[in-house]
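Participant: sequence and predicted structure are below.
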Amino acid sequence: MKLPNRENAIIDSDKIVKYLLNISHKRGGSKARLLMEYGYSISLWNDVASDIREYHLSEDVAQRQETEYGLRYEIVAPLKTPSGRKLLVRTIWQIDIGTDVPRFITLIPA
């Protein structure tokens, strides 16, 4: 099964810039260091969003879970990074109650 309404998926720029690529962030710092090792940077933050769209939204959902906030989906697939190397990651998406549009929650090294 593919992520429902994946063509309308929302990836907030703040989630990428202030969390995933922020080495000072309490929880995102280790992810930022890893992503930067693979050639991503804050100045090219849109590359992260584009690669997630290209390499994850075309893949099948690995897990689906109902939460008090909505339906949560997990996709596991490699990203082809700016360095040319592949990085296996897990992305988490949520369709909030009352909506039908998935939004990006986080990326976790797999």
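Facilitator: Looks like it came in fine. Numbering: from 1, shown residues only.
Participant: tell me the confidence at the residue located most distally from the centre of the chain?
Facilitator: Largest separation from the mean C-alpha position in the chain: G98, at 21.9 Å (Cα atoms, centre = their mean). In this prediction, G98 carries a pLDDT score of 98.
Participant: how close does it sit to A110?
Facilitator: Plainly put, G98 is 30 Å away from A110 if you go by Cβ to Cβ, to the nearest Å. All C-beta atoms are positioned from the backbone trio N, CA, C, and that covers glycine.
Participant: before we move on, back to that, quick one, phi/psi of the residue farthest from the centre of the chain?
Facilitator: Dihedral angles of G98 (phi, psi; degrees, to the nearest 10) stand at phi 90, psi 0.
Participant: residues near R90, how many?
Facilitator: Residues within reach of R90, counting by other Cβ atoms under 10 Å, total 16.
Participant: is it in contact with P78, as I believe?
Facilitator: No: counting by Cβ atoms under 8 Å, R90 does not reach P78; the two are 10.9 Å apart.
Participant: any idea which element the nearest residue to E66 once chain neighbours are set aside lies in?
Facilitator: Leaving out its chain neighbours, the residue that sits closest to E66 by Cβ to Cβ, 6 or more residues apart in numbering is R72, at 7.7 Å. R72 is part of strand 70-80, with elements assigned from DSSP states H and E.
Participant: check the average confidence over that strand, would you?
Facilitator: Averaging the model's pLDDT scores along strand 70-80 yields 98.
Participant: likewise stretch 59-66?
Facilitator: Per-residue scores along stretch 59-66 average to 98.
Participant: ok, stretch 37-55 next?
Facilitator: For stretch 37-55, mean pLDDT rounds to 96.
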